[in-house]
Each structure stands twice: as structure tokens, then as C-alpha cells.
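J.: I need the structure of the sequence given here:
(chains A and B)
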Amino acid sequence: RKEVEQDPGPFNVPEGATVAFNCTYSNSASQSFFWYRQDCRKEPKLLMSVYSSGNEDGRFTAQLNRASQYISLLIRDSKLSDSATYLCVVRGATNKLIFGTGTLLAVQP
Amino acid sequence: DGGITQSPKYLFRKEGQNVTLSCEQNLNHDAMYWYRQDPGQGLRLIYYSQIVNDFQKGDIAEGYSVSREKKESFPLTVTSAQKNPTAFYLCASSSGTPTYEQYFGPGTRLTVT
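T.: Predicted coordinates for the structure are as follows:
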């Protein structure tokens, strides 16, 4: 079993739609959680950290469920510019980051 | 502007040649990392350094070497012993505690023929 698993997609959604990504992690000792965004042939960029209480940044909401060991990212009112690959990232007990393979989002006009 | 720079953006080499990829940061971060990304795969950790003059192997260190003589710099050498060196190489840095967020440079795309 992979340490961090994501649905690879692609998720094809119309502009204005709400889309949700889920991610599961295998190590219950994981301590920090993040969502990164990666555009085609570019570097990953930190989108948001995920806190136990959940957190929101504009149209983006991240949730953490430690009991079930999953993380989610909700994007409301999708824009064309949201098209990218979204990487779920978990910090393990050794403080190294473990990256999922990413979920590809394509927002259609 | 604070950030991480990697050079060059594209690099072409012949098999059997060693090549060194540059990574510099001016974020005053203690920790630096090298990852490799292949199409359809997640990032894989090659080497990391949490402090000057110290570094550790990551998950796929074979065929690679690094040095950390200055806080700002963490060059990666891809040696001829690396069997499949063609990939997208990403350098990252982190301040460490409390959240260990990492910030990436723009990457170097290496092609070996």
C-alpha cells in the first residue's frame, strides 16, 4: 500500500462547479498535512496547510480526518486557472515529506 | 526577492558524463532537499540536508552525490552510475519547525542520451 494515495483523475468539471479531492495516508503517526498545486512542467507550489480543525482560504477548504486517515480539498466556483495537478503531501515521523502522485483537474469553459 | 533558484532550466548530456545541477536559496532556510519527478509519478527524495556540512540519503540516492558547504547552496551531481538519469529535478528548502513546509525552485529538466 502506498503511503499517500490519491485518485489520479482526471477530474473534468465546468467553470463554476464545486470539486472535491480526497487523499488517504497509511501512517497514523503523520504529523503535518499539505496540499500543493503543480502546473504542467512547473514546480509544485504550496496551496495550503491542513489543520485538524479544518481551514479555508477563499474558495479552497481543506479538512483532515485523523481517525480515518484522510485529507480532503474542496474547490468552490472553479475557475479555468484552477486547472492543475493537486498533490496531497504528508509529513512523516522522520520529518520528511511524502508526496502523493497527484490528482489532475481540468476546468472546462 | 527571496526564493530558490535552479540552473540551468534544461540540460542535455551524453551517457557516461557526470553533471552537476545548481540550487541556491536566499530564504535563510536550514534544510534543503533534492527530488526527482518522472512522468506520472510522485516526487521521490534523492538527498536532503538539515544543516551545513551534513546530508542524508533519501529513498533513491544511488548514482547521485551532494555537498552542503554553504547554507545557501546544495548542488546535486548526477553521476554516470545513475541508470535512468533523464528526469525533472526539483530542489526545495524548508525552515523546519514547526510545520516543515517546503518551497520549491523552478526545476531542471535533464535529458541524457
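
J.: What residues are bridge-paired with the most centrally placed residue in chain B?
T.: Geometric centre of chain B, nearest residue: B:Trp34, 2.9 Å, by Cα atoms, centre = their mean. On the basis of DSSP bridges, B:Trp34 is bridged to B:Tyr47, B:Cys91.

J.: ditto for B:Ser22
T.: In beta-bridge terms (that is, DSSP bridges), B:Ser22 pairs with B:Ser7.

J.: Next, the contact list for it, please.
T.: Residues near B:Ser22 by Cβ atoms under 8 Å, 6 or more residues apart in numbering or on different chains: B:Thr5, B:Gln6, B:Ser7, B:Pro8, B:Ser73, B:Pro75. Backbone N, C-alpha and C define where each C-beta goes, glycine included.

J.: Chain neighbours aside, what residue packs nearest to the second one?
T.: Nearest in space to B:Gln6, with sequence neighbours left out and distances taken as Cβ to Cβ, 6 or more residues apart in numbering or on different chains, is B:Gly105 at 3.9 Å.

J.: quick one: the one you found and B:Tyr89 touch, right?
T.: No: checked against Cβ atoms under 8 Å, the pair B:Gly105 and B:Tyr89 is beyond contact range at 9.4 Å.

J.: in stretch B:42-52, what counts as buried?
T.: B:Gly42, B:Leu43, B:Arg44, B:Leu45, B:Ile46, B:Tyr47, B:Tyr48, B:Ser49 (16 or more other Cβ atoms under 10 Å in any protein chain shown).

J.: what are the ranges of the strands in chain A?
T.: For chain A, strands defined by DSSP state E occupy the ranges A:4-6, A:11-14, A:19-25, A:32-38, A:44-50, A:55-57, A:60-65, A:70-75, A:84-91, A:97-99, A:103-108.

J.: Determine which of those strands approaches chain B most closely.
T.: strand A:97-99 (4.3 Å; Cβ to the nearest Cβ).

J.: Sheet partners, orientation included, of that closest one?
T.: strand A:84-91 (antiparallel).

J.: need the residues of chain B near chain A, please.
T.: B:35, B:40-43, B:45, B:48, B:58, B:88, B:90, B:96, B:99-107, B:109 (Cβ under 8 Å from any Cβ of the partner chain).

J.: Can I get the buried part of those residues as one ChimeraX selection?
T.: The following ChimeraX selection, which keeps only the buried ones among the residues of chain B next to chain A, applies the criterion 16+ other Cβ under 10 Å:
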select /B:35,42,43,45,48,58,88,90,100,101,102,103,104,105,107,109
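
J.: Okay, and the beta partners of the residue nearest to A:Gln69 when sequence neighbours are not counted?
T.: Of all residues not flanking A:Gln69 in the chain, A:Tyr25 sits nearest, at 5.3 Å (Cβ to Cβ, 6+ apart). On the basis of DSSP bridges, A:Tyr25 is bridged to A:Val4.

J.: tally of neighbours for A:Tyr25?
T.: 22 (other Cβ atoms under 10 Å in any protein chain shown).

J.: Just the pLDDT at B:Pro98, thanks.
T.: Note on B:Pro98: pLDDT of 69.

J.: which residues does B:Glu69 contact?
T.: B:Glu69 neighbours (Cβ under 8 Å, 6+ apart): B:Val52, B:Asn53.

J.: Against B:Phe55, how distant is it?
T.: Going from B:Glu69 to B:Phe55 by Cβ to Cβ, to the nearest Å gives 11 Å.

J.: Can you report how many residues neighbour B:Asn28?
T.: 10.

J.: Hmm, B:Lys71 and it touching each other?
T.: Yes: applying Cβ under 8 Å, one finds B:Asn28 in contact with B:Lys71, separated by 7.5 Å.

J.: Since that was my last question, I'll sign off now.
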